[in-house]
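1. what follows is a predicted protein model with its sequence.
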Amino acid sequence: GAVVSQHPSRVICKSGTSVKIECRSLDFQATTMFWYRQFPKQSLMLMATSNEGSKATYEQGVEKDKFLINHASLTLSTLTVTSAHPEDSSFYICSANREFNEQFFGPGTRLTVL
Amino acid sequence: EDKVVQSPLSLVVHEGDTVTLNCSYEVTNFRSLLWYKQEKKAPTFLFMLTSSGIEKKSGRLSSILDKKELFSILNITATQTGDSAIYLCAVEASGSRLTFGEGTQLTVNP
């Protein structure tokens, strides 16, 4: 199957700092990537749809100025959590679309904001 | 607003038991229903269902979709401890957006 990587896998930061998470499709080109957030014991919630070369589409209730998404190439999308606070601590997962709308998930990034 | 509801939320069984997990949905512009297994990290794909009444099978796992009644079931026969995980149902709408249910936490005891 296709491979999607995320980096870093785990990050701990102080409140007020910004954190960048990378999502890469390693063996295919993905015109669309998705960013999800998962709080403990909860399901995945779609945050935004990232389209290569255009602005991301954010779900209702997700602050676009806080969660900056850049999809600069067909294999890379980045999510930057700006001025992170403890309530932003979560598991962030990306997925990438291959042909026939197959979605492949990255391994996730565990963010802890102190 | 798209909605996916899974039941039960939690299930504890013994090895060898058969389990049935349920997923109902209300989605505009339905394209497909997907089942995932999530252990410690990101979900891993199990099935994609697009047509009613056609069972998909992979080993001890099988799934079927009813587009008239808007639900799907995931069956696991002869459960093993390695089946312990969260099973997520997701519905794909237009634009490939996935809406996930809350998941069913399955625990299989030896």
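-> All right, it came through fine. Everything numeric here is computed off the predicted structure, so don't read it as measured data.
2. what is the burial count for residue 57?
-> Using chain A. Around residue A:57 there are 17 other residues, counting by other C-beta atoms under 10 Å in any protein chain shown. To be clear about C-beta, it is placed using only N, CA and C from the backbone, and glycine gets the same treatment.
3. wrong chain, I was asking about chain B
-> Number of residues near residue B:57 (other C-beta under 10 Å) recorded here: 11.
4. what does residue B:68 give?
-> Around residue B:68 there are 8 residues (other C-beta under 10 Å).
5. thought it was touching residue B:53?
-> No. Using C-beta atoms under 8 Å, residue B:68 is not in contact with residue B:53; the gap is 9.4 Å.
6. which residue is nearest the middle of chain A?
-> Centre of chain A computed as the mean C-alpha position; nearest residue by C-alpha atoms, centre = their mean is residue A:35, 3.8 Å away.
7. over to the closest residue to it other than its chain neighbours. Which of the three states is it?
-> For residue A:35, ignoring the flanking residues on the chain, the nearest one in space by C-beta to C-beta, 6 or more residues apart in numbering or on different chains is residue A:47 at 4.6 Å. Per DSSP: H, G, I helix; E, B strand; the rest coil, the secondary structure class of residue A:47 is strand.
8. list the contacts for residue A:47?
-> Contacts for residue A:47 (C-beta atoms under 8 Å, 6 or more residues apart in numbering or on different chains) come out as A:35-37, A:58-59, A:62, A:67, A:79.
9. name every strand pairing with the least confident helix or strand in chain A by mean pLDDT and say which way it goes.
-> Sorted by mean pLDDT, DSSP states H and E, the helices and strands of chain A end with strand A:103-105, the least confident at a mean of 86. Looking at strand A:103-105 with DSSP bridges, its paired strands and their directions are strand A:90-97 (antiparallel).
10. run the chain-centre distance for the strand it pairs with.
-> Averaged C-alpha coordinates place strand A:90-97 at 5 Å from its chain's average position (C-alpha atoms, centre = their mean, to the nearest Å).
11. residues from chain A in reach of chain B?
-> Residues of chain A found near chain B, taking C-beta under 8 Å from any C-beta of the partner chain as the criterion, are A:1, A:32, A:34, A:36, A:42-46, A:49, A:93, A:95, A:97, A:101-108.
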